[in-house]
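S.K.: 3D, please:
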Amino acid sequence: MSYAHEREVSVEAELGVIAGIEGHIKATEHFYTDPDKVEDFVNRTGCDSLAIAIGTSHGAYKFKVEKEEDIPELRFDILEEIRKRLGKFPIVLHGSSSIPQKYTKIINEYGGTLSKAFGIPEAQLKKATQYGVCKINIATDTRMVFTAMIRKYLTENPDQIGPRKYLGIARQELIEMIRQRNKDTLGSAGQAQYI
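M.R.: Reported below is the predicted structural model:
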């Protein structure tokens, strides 16, 4: 920690295990964050924020369910207890992409094979922010937007080879998705003045 802090680098630590696949890391099951350990962990590590495991998962295949309505609820009981113990200390959720079905459909319509890919419902993410979660990672959603728009453009325009066009379209769609998510789900729109 001292190496990072001497260079004014913020350190985010993770306590617990988040299931799923990200890059070369694969975890097959969750190990929820133990609220009894968070205070000691934060104090001993000196981290600046804490990512907790309450049922989120890395990647597009977060749950072994047949349909979206079967997605289990995040462990808000654990989050609530951690919040009580840490006060206003910054809490983070990794693996929190919602896997928008709009983009899953576009990917599949244009040659992809994302079957039964479901994420954290946006209502649950919004609820997490109400418990004071200050950072929610949604990298898979951003990759899905880009993939969907590029697949669609290149299929509909097979004679095109210039990346400026399809990357621009993908970028604009990503901006719109992030604006919507910040405003409607994460509650971060218009909050820059409080940083």
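S.K.: chain center to stretch 101-113: distance?
M.R.: Averaging C-alpha positions (Cα atoms, centre = their mean, to the nearest Å) puts stretch 101-113 20 Å from its chain's average.
S.K.: neighbouring contacts of it?
M.R.: 60, 68, 114-115, 117, 141, 144-145, 147-149, 151-152, 155 (Cβ atoms under 8 Å, 6 or more residues apart in numbering). Placement of C-beta: from N, CA and C, glycine included.
S.K.: now with 7 Å, please.
M.R.: By Cβ atoms under 7 Å, 6 or more residues apart in numbering, the list of residues contacting stretch 101-113 from outside reads L114, A117, M144, V145, T147, A148, R151, K152, T155.
S.K.: now do stretch 149-165
M.R.: Contacts to stretch 149-165, defined as Cβ under 7 Å, 6+ apart, come from residues I106, I107, Y110, G111, G112, Y166, I169, A170, E173.
S.K.: picking that back up, scan the contacts of stretch 101-113 and report the most crowded one.
M.R.: Taking other Cβ atoms under 10 Å as the neighbour criterion, M144 ranks highest of those with 27 neighbours.
S.K.: quick one: the contacts of stretch 101-113 as JSON lines, columns for pLDDT, secondary structure and distance to L86 too.
M.R.: JSON lines is the format used below for the contacts of stretch 101-113 (pLDDT from 0 to 100; DSSP: H, G, I helix; E, B strand; the rest coil; distance: Cβ to Cβ, whole Å):
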{"residue": "L114", "pLDDT": "90", "secondary structure": "coil", "distance to L86": "36"}
{"residue": "A117", "pLDDT": "89", "secondary structure": "coil", "distance to L86": "33"}
{"residue": "M144", "pLDDT": "96", "secondary structure": "helix", "distance to L86": "32"}
{"residue": "V145", "pLDDT": "97", "secondary structure": "helix", "distance to L86": "33"}
{"residue": "T147", "pLDDT": "97", "secondary structure": "helix", "distance to L86": "36"}
{"residue": "A148", "pLDDT": "98", "secondary structure": "helix", "distance to L86": "37"}
{"residue": "R151", "pLDDT": "97", "secondary structure": "helix", "distance to L86": "42"}
{"residue": "K152", "pLDDT": "98", "secondary structure": "helix", "distance to L86": "43"}
{"residue": "T155", "pLDDT": "97", "secondary structure": "helix", "distance to L86": "48"}
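S.K.: so V17 makes contact with Y32?
M.R.: No - when contacts are counted by Cβ atoms under 7 Å, V17 is not listed as touching Y32 (8.5 Å).
S.K.: returning to what we had before: from the contacts of stretch 101-113, which two are the most distant?
M.R.: Distance extremes for these: the farthest pair is A117 and T155 at 19.7 Å, using Cβ to Cβ.
S.K.: helix, strand or coil: sort out the residue located most distally from the centre of the chain for me.
M.R.: Ranked by distance from the centre of the chain (Cα atoms, centre = their mean), the top residue is D159, with 35.0 Å. At D159 the chain is in coil, as set by DSSP: H, G, I helix; E, B strand; the rest coil.
S.K.: how much space between E109 and F31?
M.R.: Per Cβ to Cβ, to the nearest Å, E109 is found 37 Å from F31.
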